[in-house]
Structure formats: structure tokens, C-alpha cells
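**Q** Mind looking at a prediction? Sequence and model below.
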Amino acid sequence: VRIVESGGGVVQAGGSLRLSCATSGFTFGDYTIGWFRQAPGKEREAVSCLSNRDGIRYYADSVKGRFTTSSDSAKNTVSLQMNSLKPEDTAVYYCAADYSLVVVKSGPSYWGQGTQVTVSS
């Protein structure tokens with residue numbers, strides 16, 4: 001299994017970034033892909049999850065209405081569109097995968113290396 005995130009960077013508050021998660025090594029259409037983030041000194045939190053099997057999406061309350069996750073089955077890629085970014089969104093963002101939404105939210109098996117997102121005020 002291989003998971004590679006891209007698209008992180010530095011953006012001003014109110015701006016947008018789009019993260020991508022390229023996957024391989026498993027049946028993409030059967031898996032749930034999750035986006036997580038971890039800021040310095042804070043616990044890792046689930047930001048968004050997308051079940052490719054049934055299309056169910058989960059968003060943390062802190063990002064609802066601002067972040068959108070989408071899936072491209074032709075490229076085995078999941079994207080996270082982040083709009084109206086706030087300084088508190090600054091973190092390392094990780095993409096992860098597992099078979100079910102419940103497992104992904106609690107502790108997925110497969111992880112990417114992470115990409116840094118920094119939102120300046």
C-alpha cells in the first residue's frame with residue numbers, strides 16, 4: 001500500500017488550498033479515505049472521511065462548510081479542498097485509508113507521510 005499526499009503550503013487566512021492523496025496497492029473503490037491533521041502540541045484529529053464504497057462523508061465540526069473531500073476513481077486519488085482557511089487550521093495533514101468508515105475514524109491501517117499546511121494571520 002502506498003499513500004502520498006501533496007498540495008500543502010503557506011497561505012494567508014481566508015485563502016484556499018487543495019490537498020491530494022494518491023493511493024495504490026488496494027482496491028480503491030472498496031476503501032474509505034480519511035484526512036487527519038496534527039498541530040504542534042495537539043492530538044491528531046480526523047478532519048474528513050470519504051467512503052468510496054457508498055459515498056458517505058464525514059466532516060469534523062471545525063471544518064464543516066469550509067472543507068470538501070472528493071474522490072477520483074480513475075486516478076485512485078482523493079482531494080481535500082480547503083477554503084476560508086484560518087490560522088488554527090495550521091497543521092501537518094495526513095491521508096489514511098482502511099476498509100470501513102468506522103475503522104478510519106478510529107485508527108486506520110495505512111498512512112501517508114503528511115504535508116504541512118500553514119495559515120498565516
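**A** It's in. Residues are numbered from 1 along each chain as shown.
**Q** Please make it C-alpha for all contacts and neighbour counts, starting now.
**A** Noted.
**Q** Check which residues of stretch 4-24 are buried.
**A** Neighbour-count burial for stretch 4-24, counted by 16 or more other CA atoms under 10 Å, picks out 4-6, 8, 11, 13, 16-23.
**Q** what packs against the helix or strand of the chain with the lowest mean pLDDT?
**A** Across the helices and strands of the chain, mean confidence by mean pLDDT, DSSP states H and E is lowest for helix 101-106: a mean of 87. Helix 101-106 sits against strand 32-38, strand 45-51, strand 91-98, with contacts defined as 3 or more CA pairs under 8 Å, 6 or more residues apart in numbering; DSSP states H and E.
**Q** contact partners of the very next helix or strand once past it?
**A** Using DSSP states H and E, the next helix or strand after helix 101-106 towards the C-terminus is strand 110-111. For strand 110-111, the external contacting residues (CA atoms under 8 Å, 6 or more residues apart in numbering) are 1-3, 94-98.
**Q** Now the most centrally placed residue in the chain: closest residue in space, sequence neighbours ignored.
**A** In the chain, the centroid-proximal residue (CA atoms, centre = their mean) is W35; its distance is 2.3 Å. With CA to CA, 6 or more residues apart in numbering as the criterion, W35 has its nearest non-adjacent residue at 4.7 Å, and that residue is C95.
**Q** Once you drop chain neighbours, what's closest to the residue of the chain positioned farthest from its centre?
**A** Largest separation from the mean C-alpha position in the chain: S121, at 22.4 Å (CA atoms, centre = their mean). Using CA to CA, 6+ apart and skipping residues adjacent in sequence, the residue nearest S121 is A13, 5.3 Å away.
**Q** burial count for K64?
**A** K64 has 12 neighbours, counted by other CA atoms under 10 Å.
**Q** I'd guess it is in a strand, am I close?
**A** No: using DSSP: H, G, I helix; E, B strand; the rest coil, the assignment for K64 is coil, not a strand.
**Q** Perfect, I'm done here.
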